[in-house]
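Chemist: Model the following, please.
(2 chains, ligands or ions: 2)
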Amino acid sequence: MIIAEQKPIPEIAAQVRQCRKVLVLGCGGCVTVCQAGGEKEAEILASALRLMGVREGWDTAFDSMAITRQCDPEYLDGIARKVAEYDCVLSLGCGVGVNFLAERFPRTWVVPGLNTKGAGATLEAGVWEERCLACGDCILHLTGGICPIVRCSKSLLNGPCGGSQGGKCEISPDVACGWQLIYDRLKQLDRLDLLLEVREPKDWSRTHDGGLRRVVKEEARL
Amino acid sequence: MSQNGCKTESRLERVLREGHFAVTAEVGPPKSASSKGISRHAAAIKEVADAINLTDNQTAIVRLCSLAAAVHVMQAGGEPVMQITCRDRNRIAIQSDLLGAYSLGVRNVLCLTGDHISFGNHPQARTVYDLDSVQLVKLVRDMRENRRFQNGEEIKVAPPRFFIGAAENPFADPVEFRALRLGKKVKAGADFIQTQAVFDIDRFARFMQVVRDMGLDEQVFILAGIVPTRSARALERTATVPGMVVPQELIDRMKGAADQEKEGVAIAVELISRLREIPGVRGVHIMAIAWEEIVPEIVREAGLLPRPRLEVPTPA
Ligand code: SF4
Ligand code: SF4
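Modeler: Ligands and ions are numbered 1, 2, ... in the order given. Alright, predicted model coming up:
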C-alpha cells in the first residue's frame, strides 16, 4: 500500500486560510490503514483547522468527509455535486488522490494534506515502512526477496558498501543495512552464490527516469 | 601489454609490477577554488610516494573536484590517482570525466561507491548511485579492454586506458563477505585495491589469509590503508566512523602519550612495518586527513625511502 503522513498543521493552514469553504476529504484506501488520511483523520483535522481559524481570526468554514478511494474516477464522480459547494478541497489522499481530484474537478482548488512517502506496509502498530521503490524491473529473485533498491540507502546492486557495520547502515544506527539483511537471508537459504555474480548496471529507464510510466493491458480495455 | 607486463602508462602500475613495495598518499582538495594547498602537498609528497590520491568530495562535502586536483598534482610533478564516486554523477557524467581526465594525462582512477549524502554539507541534495563501485570498475575496464562505452557503443579512437583501483573495507560487515566482495571487484577488472584504514592488524591479517586462500593476492595489488592521527581525540572520532575498527589499546596508548602527534607517527610507522610482513600486501596507502604534511616523515621513518626511480615508460 501507499504510506503517508499528515503535513504539519501550520503548513496546511497556510494553504487554506484564504479560502471561504474547504472540504477536508479523506480516503478509505491505504491512507486509512496507515492512519494518515481516513475519515477519522479528516474529521480531526477539520476541527483543528476550525479552532485555529477561530483563534487567528480567519473566516474559513471546514467540513469533512471521506470516500472509498480518491484514486478511482468512479468514486470521484459520486462527490461531484458536493465538491461544487466548496472553493477548496483539502485532500487527505496520497499524492495520486490529490492529482486525480485536480484532474476531475478543474474548477476547484485542490491542495494536499499529506506527505506521501512510498509503497510500504505496517511494521508494528503505529509504524509503517517503505518496501518498494517501484523501479519497474523487479530483481527480488536475485536478492532473496529483500529489495536492495529501497533497503540499501545507496541502492547498490553488488553487495554492501564499506559503511555497513553491526547490521546497521552507515547513514544511521536506526536503519538496518539492507545488504546485511540480504546476506543473512541468502546464507540461511544457502544461496550466497547469487551474491558472487557481478550485477550489471540497472536499467533506470524503467523507473521514472525514463519518463511517465503507464501500464496498458490490452485485453482489459473496452 | 608492454614488455614489463604493464597494461597502462601508469607509473604506479610499473612500480607495482616491478615488485616494489608501493606507497600512495591521499590529498584532500580544499573547500575553495585555490590550488595552492594541493600543489604544496603534491610537491612534498611526490618525493616520498609513487602516486597521490585526490578524493572526490569526500564525506559528501563540496570541494574542488578530483579531476582538477589531479591536474594540479601533475603540474607539481606528481602522479595522481583520481578518485571517482558513484554518489554525485551518473554513467554519462562519469564516462565524460574519464575521457576528460585521460586526455589531460591522468592514468590512475580509484572507483568508489562514495559516502552517503547524509554525512555531508548538502544533505538535501539528490543522491545518484546510478552505478555502484563494482559496476564502475567494470565500466572503466570495458573502456580500456573492449573499447566500449557502458552502453556497448564502440570508442572508435583513443579509448582511455586507466590503471584501475577499487577500495575494500576488511572491517565492515558482513565480515565473511568482504573478501568475496574484493573478489567481485577483481572479477570486474580492478588492478589494485586500496583498503580502508587498518588499525587492527590481527583482524586484517585474518582477512588477508582469506584473500590468499582465494588466490586474489595473485590477481590484484593490495595496498593497505593507513590513517595517521595526531591526537587521541582524532583517533576516538575515527573509531566512531561506520566501518572503522580501532582497538581500544591504541586509543589508550595515544591518550597516555606525552606528545600525541609523535605517538601518532610512531603508531603509523609500526602499523606499516607490521603490514609489510603480511604476505599479499604490496604497498601502503597513507590517508593523513588534514595532516598531509606528515606523510614524508612517516614514509621516511618507515624505511620506505628512497622511492624507486623509474625511467619514463614508453607510451603504449
Ligand atoms: S526491485 Fe524494484 S520493483 Fe522490486 S521491490 Fe525493489 S524497487 Fe520494487
Ligand atoms: S551500509 Fe548497507 S544499506 Fe547502507 S548504504 Fe551501505 S550497503 Fe547500503
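Chemist: phi, psi of residue 166?
Modeler: Using chain A here. phi 60, psi 30 (degrees, to the nearest 10).
Chemist: meant chain B actually
Modeler: Dihedral angles (degrees, to the nearest 10) for B:Ala166: phi -140, psi 170.
Chemist: For chain B, which residues are neighbours of chain A?
Modeler: B:86-87, B:91, B:113-116, B:118-119, B:127, B:129-135, B:138-139, B:150, B:167-169, B:171-174, B:177, B:180-181, B:183-184, B:187-188, B:196, B:242-243 (C-beta under 8 Å from any C-beta of the partner chain). Any C-beta I mention is one placed from the backbone N, CA and C, and that applies to glycine too.
Chemist: so of these, which ones are in helices?
Modeler: B:91, B:133-135, B:138-139, B:180-181, B:183-184, B:187-188 (DSSP state H).
Chemist: okay if I get these as JSON lines plus pLDDT, neighbour count and distance to A:Leu123?
Modeler: Shown next, in JSON lines, are those (pLDDT from 0 to 100; neighbours: other C-beta atoms under 10 Å in any protein chain shown; distance: C-beta to C-beta, whole Å):
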{"residue": "B:Arg91", "pLDDT": "98", "neighbour count": "19", "distance to A:Leu123": "34"}
{"residue": "B:Ser133", "pLDDT": "98", "neighbour count": "30", "distance to A:Leu123": "30"}
{"residue": "B:Val134", "pLDDT": "98", "neighbour count": "27", "distance to A:Leu123": "31"}
{"residue": "B:Gln135", "pLDDT": "98", "neighbour count": "22", "distance to A:Leu123": "31"}
{"residue": "B:Lys138", "pLDDT": "98", "neighbour count": "25", "distance to A:Leu123": "36"}
{"residue": "B:Leu139", "pLDDT": "98", "neighbour count": "24", "distance to A:Leu123": "37"}
{"residue": "B:Leu180", "pLDDT": "96", "neighbour count": "17", "distance to A:Leu123": "31"}
{"residue": "B:Arg181", "pLDDT": "97", "neighbour count": "25", "distance to A:Leu123": "29"}
{"residue": "B:Gly183", "pLDDT": "97", "neighbour count": "22", "distance to A:Leu123": "35"}
{"residue": "B:Lys184", "pLDDT": "98", "neighbour count": "24", "distance to A:Leu123": "32"}
{"residue": "B:Lys187", "pLDDT": "98", "neighbour count": "16", "distance to A:Leu123": "37"}
{"residue": "B:Ala188", "pLDDT": "98", "neighbour count": "22", "distance to A:Leu123": "36"}
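Chemist: Ligand 1: which of those residues is nearest?
Modeler: Closest to ligand 1 out of those is B:Gln135 (16.2 Å), distances taken as C-beta to the nearest ligand atom.
Chemist: Leaving out the residues flanking it, which one is nearest to that closest one?
Modeler: Residue nearest to B:Gln135 in three dimensions, not counting chain neighbours: A:Pro201, with 4.8 Å by C-beta to C-beta, 6 or more residues apart in numbering or on different chains.
Chemist: show me what contacts that neighbour?
Modeler: Contacts for A:Pro201 (C-beta atoms under 8 Å, 6 or more residues apart in numbering or on different chains) come out as A:157, B:91, B:130-131, B:135, B:139, B:150.
Chemist: Export those residues as JSON lines, with columns for distance to B:Gly225.
Modeler: What follows is the contacts of A:Pro201, written out as JSON lines (distance: C-beta to C-beta, whole Å):
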{"residue": "A:Leu157", "distance to B:Gly225": "25"}
{"residue": "B:Arg91", "distance to B:Gly225": "27"}
{"residue": "B:Asp130", "distance to B:Gly225": "26"}
{"residue": "B:Leu131", "distance to B:Gly225": "23"}
{"residue": "B:Gln135", "distance to B:Gly225": "23"}
{"residue": "B:Leu139", "distance to B:Gly225": "24"}
{"residue": "B:Gln150", "distance to B:Gly225": "28"}
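Chemist: Helices of the stretch 151-300 of chain B, residue ranges please.
Modeler: B:178-188, B:201-213, B:232-240, B:248-256, B:260-276, B:295-301 (DSSP state H, counting those that start in this stretch).
Chemist: Nearest approach to ligand 1 belongs to which of those?
Modeler: Between these, helix B:178-188 lies closest to ligand 1; by C-beta to the nearest ligand atom that is 19.8 Å.
Chemist: I'd like to know which elements that closest one is packed against.
Modeler: Helix B:178-188 sits against helix A:193-196, helix B:133-145, strand B:163-168, helix B:201-213, with contacts defined as 3 or more C-beta pairs under 8 Å, 6 or more residues apart in numbering or on different chains; DSSP states H and E.
Chemist: near ligand 2 at all, it?
Modeler: No. Figure legend: helix B:178-188 not in contact with ligand 2 (C-beta under 6 Å from any ligand atom); closest approach 10.4 Å.
Chemist: can you tell me which residues contact the spatially most central residue of chain B?
Modeler: Centrality entry for chain B: nearest residue to the mean C-alpha point is B:Gln194, 4.7 Å, by C-alpha atoms, centre = their mean. The neighbourhood of B:Gln194, defined by C-beta under 8 Å, 6+ apart, consists of B:24, B:53, B:110, B:165-167, B:223, B:225, B:285.
Chemist: Go again with 7 Å.
Modeler: By C-beta atoms under 7 Å, 6 or more residues apart in numbering or on different chains, the contact set of B:Gln194 is B:24, B:110, B:165, B:167, B:223, B:225, B:285.
Chemist: which one is the closest residue to ligand 2 within the stretch 51-200 of chain B nearest to, not counting chain neighbours?
Modeler: Nearest residue of the stretch 51-200 of chain B to ligand 2: B:His116, at 6.0 Å (C-beta to the nearest ligand atom). Using C-beta to C-beta, 6+ apart and skipping the chain neighbours, the partner closest in space to B:His116 is A:Ile171 (4.9 Å).
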